[in-house]
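Visitor: The sequence and its predicted three-dimensional model are supplied below.
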Amino acid sequence: MVPDQDYSSSFEDKLFPQKYTFQINGRLFTCETPKVMGIVNLTPDSFYSGSRSDNSLAKAIELIERHITEGADIIDLGGYSSRPGAQEISHTEEADRVLPVVDWLVRNHPEILISVDTFRSQIAESSVHAGAHIINDISAGDLDRDMLATIGKLKVPYIAMHMKGNPKTMQSQTDYSNILTDIMHYFAEKLEDFKKFGIKDVIIDPGFGFAKTVSQNFWILRNVELFKAFAVPVLIGLSRKSMIYKTLHIDSSEALNGTTALQMFALTKGANLLRVHDVKEARQTIELYNTLYPKT
C-alpha cells in the first residue's frame, strides 16, 4: 500500500484533552496511565490456543485467576470467535459460554472489571444484568441494529472497534481509498451516532487484523497518535496477531516477543489500554514505559 498522505506528525495532548475517567458501577476507572485487559476466550476455536478455555468453566477460571494474579485491570470474556473465517454460533450457545463465567467472576472477584466481547445486543444486555461492566463490540454496532440503543440504555462503557464486513468476510474487504482517512472518518461518524443514543463513555479500537492487510496494520500502528484527536481512550489489540507472526515467519505460539515490542511502540504513540493474552509481560512493559515517561 502506498499512502497518499503523511500522517507521521504528532498531536499535542493539550490540543485534544482526553476523557480518561469513567464511572463504572459506582467506581471511578481512570486511563491516565495505561491499563491491561486480559483475554479469556470461552471458545474452542480462537486463533491462539493459550487463550482458550474450550467451553470448560474450570479452564476459564484457571486462566482468569492467572490473569488477575499477573495484574490484569479488566478481564475480557468472549464467547464467539472472531478469527478470520469463524463460524456463526447461536445466541443461546454464546450466552451459555459467557454468563456462567460472568456470574463466577462477580461472586469471586468483585474488584475486577468485566468486559464482554460481543456484537449481539441480547448478549450485551444479559451480560450487564449478570454483572459485566463493559461491552467490547468488534463491529461498533454494525452487526446488530439494536446494539447502540441497548448500550445507551445500559449506561456502560462501550469499546467500539473498526472492522468492515464480518468475521467470515472481513479478509476480503481490505480495499481503502486511504486507510487512515477512512478509519478516522468511520470513528467520527460513529462517535456522533453514539451521542444520539446517549452513549457517553467510549473507547475506540483501530481493529488490527480486522479487514486489514499486514502492511495496513503496520501503517495504522505507526500513526496511532492520530486517534487522540477523538479525545477518548484508545485500545490496542496486537497480541500474538498475524501481523507479528507472518512478518517474523513464526506462529502465534512464538509471537510473545514481537507482541511486547509492538506494545511498547503503541504506548509511546498514546495507547491507553492493551488487550493481551500475556498479562504479566504487558504489565512489565507498562511499568518500563511509565519509568521512561513518568507522569509529572
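Guide: It's in.
Visitor: going forward, measure contacts between C-alpha atoms and count neighbours the same way
Guide: Will do.
Visitor: Pull the contacting residues for Leu99.
Guide: By Cα atoms under 8 Å, 6 or more residues apart in numbering, the contact list for Leu99 reads Ser126, Ser127, Ala130.
Visitor: which of these are buried?
Guide: Ser127, Ala130 (16 or more other Cα atoms under 10 Å).
Visitor: Next step: the contacts of Leu99 restricted to helices.
Guide: Using DSSP state H, Ser126, Ser127, Ala130 are the members of the contacts of Leu99 that sit in helices.
Visitor: Among the contacts of Leu99, which one sits closest to Asn108?
Guide: Nearest to Asn108 out of the contacts of Leu99 is Ala130 (Cα to Cα; 13.5 Å).
Visitor: Was I right to think the closest one contacts Val102?
Guide: Yes. Using Cα atoms under 8 Å, Ala130 is in contact with Val102, at 6.6 Å.
Visitor: Which parts of the stretch 1-150 of the chain are strands?
Guide: 21-24, 27-30, 35-41, 74-78, 113-117, 134-137 (DSSP state E, counting those that start in this stretch).
Visitor: Format the ones you listed as a markdown table; extra columns: mean neighbour count, distance to Lys59 and mean pLDDT.
Guide: Shown next, in a markdown table, are these (neighbours: other Cα atoms under 10 Å; distance: least, Cα to Cα, whole Å; pLDDT from 0 to 100):
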| stretch | mean neighbour count | distance to Lys59 | mean pLDDT |
| --- | --- | --- | --- |
| strand 21-24 | 15 | 28 | 84 |
| strand 27-30 | 12 | 28 | 86 |
| strand 35-41 | 26 | 10 | 96 |
| strand 74-78 | 24 | 13 | 97 |
| strand 113-117 | 25 | 17 | 97 |
| strand 134-137 | 26 | 22 | 98 |
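Visitor: And these: which comes nearest Lys196?
Guide: strand 134-137 (17.8 Å).
Visitor: Show residues contacting that closest one.
Guide: The contact list for strand 134-137 (Cα under 8 Å, 6+ apart) reads 113-119, 124, 128, 156-161.
Visitor: ditto for stretch 261-273
Guide: Contact with stretch 261-273 is made by 31-37, 221-225, 228, 233-236, 238, 274, 282, 285-286, 289, as judged by Cα under 8 Å, 6+ apart.
Visitor: so where's the stretch 51-200 of the chain uncertain?
Guide: 51-55, 83-86 (pLDDT under 70).
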